[in-house]
Every structure is written in structure tokens, then in C-alpha cells.
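Q: Any chance you could fold what I've pasted below:
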Amino acid sequence: MTIKETYDMFIRNRSVYCSPETLRSYKGHLKVFFDFLEAESGKGIGQLSFDDFKDAALFGDFIIHLRKKNVKNVTIRSYCRIAKAYLRYCYQNDLCPDYLKGVRMPPDDSVPKVVLYSDEVKKIDACFDMLTEKGRRNYCIFHLMLDCGLRSQEIRHLRYTDIDQERNIIHILESKGCKSRIAR
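A: Residues are numbered from 1 along each chain as shown. As a prediction, the model looks like this:
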């Protein structure tokens, strides 16, 4: 079985329960992994099989390849989480050996999120032209994200009917992971 065929099986499997955004992320990140495999072997993923990498430390070699590109560990971890999900799926379905065994991910080097102080929020608020519809819209979007913790996707899907003005809550119906929640 070719790696392309295993990829198609993996995406079909994930399509059952993953959002379109997650699938897009899988496809984009796995392209980096497959580009690495193609560069290592000289063949396209339509001609490659895991038999071509029998004795390789595939996942570890992929991490080393990414580290040579001078990218931050947080980026490497992002690519690796998805490659890991794909390789775990393949291993659990007897499509490949356990390439993950004994391989550790690089440490997280992401920067802690900075909390905005009220004077900083006021400075940002001053950037919005409250005399225009677009300025008021952007002000509302900013405060939905800041005060309620809404993600950009949640704001894009937000409808007037999702707002319960009597109880002062917002029903978030299309949240990350297809979960619903309430924002106050």
C-alpha cells in the first residue's frame, strides 16, 4: 500500500469527526511531512510505501530535518503533532511499524501570552473610529475576543439569534471541536 493510500484512509477516517478547519490543518502540515519523505527517498508519495523506510527512524529524522530549518520548537511541535497522529493511525491499523517509539518531541519554546492592562485596552479602543459602522464592528469583535474569549471562527459563525439579551449570554454553537458553549 502506498503512503498516498494510507494518507487518503487517514483523512477519510478523520473526516467523520473533525471540522473542515482541522482537516485543512492536517492536509497542510502533512504536506511538510510528505515533502520530507519525498526528499529522503527521491520518490513521490504515490510511489512510496512504508517498506521504503523499514530501518529508518522516520519520526526522529523528521524532527531533525525541521530543526535544521531554524524554526522555533513551537512550530516543529505543531508539525509533529499532526505527523504523530497520522503515524499512530497507520501503526494502529497495521500499516506501518511504530516510528514513534522512543522519540521525544522538542520542548515547547512558545512565549507566554501577555495580559493586556486596562490602559492598553483603552489605547486599542481609541484606534477604532466609533463614528463609522466598520469601526464599531471592529470594536465589538475586539471585545468579544478579549472579554468573552471568542475565537475568530466563533465570531464569523455568530448570528443575531445566538444572543440572549434577557440573560446577557451568547450561545456559541460552532466552536472548536464542534462543541457548543455559553459566553457571558
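
Q: Please count neighbours and contacts with C-alpha atoms only from this point.
A: Will do.

Q: Show me where this protein dips below the pLDDT cut-off.
A: Where the chain drops to pLDDT under 70, the residues are 174, 177-178.

Q: Spell out, range by range, the helices that occur in it.
A: 3-15, 20-41, 58-67, 73-92, 118-125, 133-148, 152-157 (DSSP state H).

Q: What is the fifth one packed up against?
A: Spelled out, it's helix 118-125. Where contact means 3 or more CA pairs under 8 Å, 6 or more residues apart in numbering; DSSP states H and E, helix 118-125 is not packed against any helix or strand.

Q: which non-adjacent residue is nearest L30?
A: Counting by CA to CA, 6 or more residues apart in numbering, L30 lies nearest to A83, which is 6.1 Å off, once chain neighbours are set aside.

Q: which residues does that neighbour contact?
A: Residues near A83 by CA atoms under 8 Å, 6 or more residues apart in numbering: 29-30, 33, 59.

Q: Now the two most distant members of these.
A: The two members of these with the most space between them (CA to CA) are H29 and F59, at 14.0 Å.

Q: higher neighbour count, the two?
A: Using other CA atoms under 10 Å as the criterion, H29 and F59 rank with F59 on top: 22 against 17.

Q: I'd say that one and V103 touch.
A: Yes. At 7.3 Å, F59 counts as touching V103 under the criterion of CA atoms under 8 Å.

Q: what separates the spatially closest residue to K179 that is not a sequence neighbour from Q153, distance-wise?
A: Excluding the flanking residues, the one nearest K179 by CA to CA, 6+ apart is L173, at 6.9 Å. Distance check for L173 against Q153: by CA to CA, to the nearest Å, it reads 11 Å.

Q: Comparing the two, which residue is more hemmed in?
A: Between L173 and Q153, counted using other CA under 10 Å, the more crowded position is L173 (16 against 12).

Q: and the gap between that one and T6?
A: Applying CA to CA, one obtains 33 Å for the distance of L173 from T6.

Q: Next: E120.
A: E120 is 50 Å from T6, by CA to CA.

Q: Roughly how far does the residue nearest to K179 sit from R159?
A: On the measure of CA to CA, L173 and R159 end up 10 Å apart.
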